[in-house]
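Asker: sequence and predicted structure below; questions after.
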Amino acid sequence: MNHAFYTAAIAGAVLIALDLPHPSNLDPEGRRILVTFVGVAIAVIVNVLAGLLKKGKASAAAPHAD
């Protein structure tokens with residue numbers, strides 16, 4: 001999860017740094033950062049769901065004590 005936040009922060013910093021020499025409207029950069037955060041959110045949700053699915057399969061495969 002830290003890698004996802006690191007990637008999002010680096011993407012934002014690079015986009016802003018590219019715009020510093022020639023200041024303009026920041027709407028495209030803001031949109032790119034927003035889409036990056038949406039991608040991070042999707043990745044985190046998929047990761048959590050995969051963990052829950054793995055945990056569910058592990059408990060279903062374990063023998064139950066009577």
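Answerer: Sure thing, it's come through.

Asker: neighbouring contacts of stretch 32-44?
Answerer: Outside of stretch 32-44, the residues that reach it under the criterion CB atoms under 8 Å, 6 or more residues apart in numbering are Met1, Ala4, Phe5, Thr7, Ala8, Ala11, Gly12, Leu15. For the C-beta atoms, the positions are set from N, CA and C on the backbone; glycine is no exception.

Asker: repeat the analysis, applying 6 Å as the threshold.
Answerer: For stretch 32-44, contacts defined as CB atoms under 6 Å, 6 or more residues apart in numbering pick out Ala4, Ala8, Ala11, Gly12, Leu15.

Asker: how near is Asn25 to Ile16?
Answerer: 13 Å (CB to CB, to the nearest Å).

Asker: between the two, who's got more neighbours?
Answerer: More neighbours surround Ile16 than the other of Asn25 and Ile16, with 13 against 8 (other CB atoms under 10 Å).

Asker: and Pro21, what element?
Answerer: Here Pro21, judged by DSSP states H and E, is contained in no helix and no strand.

Asker: circling back: mind listing which of the contacts of stretch 32-44 are in helices?
Answerer: Among the contacts of stretch 32-44, the ones falling in helices (DSSP state H) are Ala4, Ala8, Ala11, Gly12, Leu15.

Asker: where is pLDDT lowest across the residues you listed?
Answerer: Within the ones in helices among the contacts of stretch 32-44, the minimum per-residue pLDDT falls on Ala4 (71).

Asker: residues contacting that residue?
Answerer: Shown here is Ala4, whose contacts under the criterion CB under 6 Å, 6+ apart are Val40, Ala43.

Asker: quick one, helices of this structure?
Answerer: Using DSSP H, helices in the chain cover 2-19, 27-61.

Asker: got the angle for the shortest one vs helix 27-61?
Answerer: Which is helix 2-19. Here helix 2-19 runs at an angle of 170 degrees relative to helix 27-61 (axes from the mean of the first three to the mean of the last three CA atoms, to 10 degrees).

Asker: quick one: helix 2-19 to chain centroid distance?
Answerer: The chain centre lies 12 Å from the centre of helix 2-19; the measure is CA atoms, centre = their mean, to the nearest Å.
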